[in-house]
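Chemist: The following block contains a protein sequence and its predicted model.
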Amino acid sequence: MNERAKIISKQVLAKSWGSLTSYTMDYRRQDGTVQRLKREAYDHGSAAAILLYDPDRKTVLLVRQFRFAVMLNGDHADMLEVCAGMLDGDDPKTCAIREATEESGHAPTDLRHVCDVYVSPGSVTEKVSLFIGHYHASTRQHEGGGLADEGEDIEVVELPLAEALAMIGDGRIMDAKTVLLLQHLALTA
Ligand SMILES: Nc1nc2c(ncn2[C@@H]2O[C@H](COP(=O)(O)OP(=O)(O)O[C@H]3O[C@H](CO)[C@@H](O)[C@H](O)[C@@H]3O)[C@@H](O)[C@H]2O)c(=O)[nH]1
Ligand SMILES: [Mg+2]
């Protein structure tokens, strides 16, 4: 816990798949004065994500899936993203391999860790560990698509890296972790 903030009380506003909690804290400002503040935090655990890249063909494998919150915010809800998922008790690398395999059908090789990011640090506790891994014909285990009994309905989409980068510019790719990983790959491939 940060020494600048002392939690005075907390109230669970909602607890279901994730939890939304309202905290009251005494926050010590940079000038030393203490201010009482309220902040809400949404906690559904942390996550890992992996961009699948075929270096021989310079293609990437992404997944398209429906995102309810994006629909609520008035944007096109069929999001094109890198494979990703909640840690569910696994370490980030194990999670990245598990999610890539479930969602894309490929068990990736040559994983490298890129960085860890908070995508919405103002209110969401989730930290996402980002990886790049390789796929090719021999890494294919099955056709992918995710776990239908958990409501996943995933289309696997293969694209030239150059086309995926262009899709960031024209708004067809809007998921932050996907933008970051594609741009990192473009800088380092
Ligand atoms: N019951 C219930 N199930 C949920 C809820 N929200 C998600 N789920 C289920 O929980 C599973 C989550 O799938 P994962 O593959 O583990 O996670 P993800 O949704 O792909 O998350 C990744 O992408 C998100 C969007 O970019 C990221 O926010 C997240 O960090 C992560 O990288 C899916 O089966 C989904 O149906 C909910 O509110 N209620
Ligand atoms: Mg997922």
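Modeler: Happy to help now that I have it. Ligands and ions are numbered 1, 2, ... in the order given.
Chemist: Around ligand 2, which positions in the protein sit nearby?
Modeler: Contacts of the chain with ligand 2, taken as Cβ under 5 Å from the ion, map to 84-85. Any C-beta I mention is one placed from the backbone N, CA and C, and that applies to glycine too.
Chemist: Can you spell out the domain ranges of the chain, please?
Modeler: Using automatic domain parsing, the domains assigned to the chain come out as 5-43, 47-188.
Chemist: ranking those by burial, who's on top?
Modeler: Comparing these on average neighbours per residue, with mean count of other Cβ atoms under 10 Å, the densest one is domain 47-188 at a mean of 17.
Chemist: before we move on, back to that, take the domains of the chain and write them to TSV, including mean pLDDT and distance to ligand 1.
Modeler: Output for the domains of the chain, formatted as TSV (pLDDT from 0 to 100; distance: least, Cβ to the nearest ligand atom, whole Å):
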stretch	mean pLDDT	distance to ligand 1
domain 5-43	97	3
domain 47-188	96	3
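Chemist: Run through the residues that contact Leu37.
Modeler: Applying Cβ atoms under 8 Å, 6 or more residues apart in numbering, we find Leu37 in contact with 24-27.
Chemist: for Val119, same thing?
Modeler: Shown in contact with Val119 (Cβ under 8 Å, 6+ apart): 126, 128, 176-177.
Chemist: Check His113 too.
Modeler: Residues near His113 by Cβ under 8 Å, 6+ apart: 92-93, 129-131.
Chemist: Mind picking the two most distant members of those?
Modeler: Largest separation among the contacts of His113 by Cβ to Cβ: Lys93 and Leu130, giving 11.2 Å.
Chemist: Pull up the overlap in contacts between these two.
Modeler: Listed as contacting both Lys93 and Leu130 by Cβ under 8 Å, 6+ apart are 48, 113.
Chemist: hang on, the earlier thing: sort out for me which of the contacts of Val119 are in strands.
Modeler: Secondary structure assignment by DSSP state E places Val128 of the contacts of Val119 in strands.
Chemist: ok now do the residue in the chain positioned nearest to ligand 2, which residues does it touch?
Modeler: Going by Cβ to the ion, ligand 2 is nearest to Gly85 of the chain, at 4.1 Å. Shown in contact with Gly85 (Cβ under 8 Å, 6+ apart): 47-48, 95, 98-99, 102-103.
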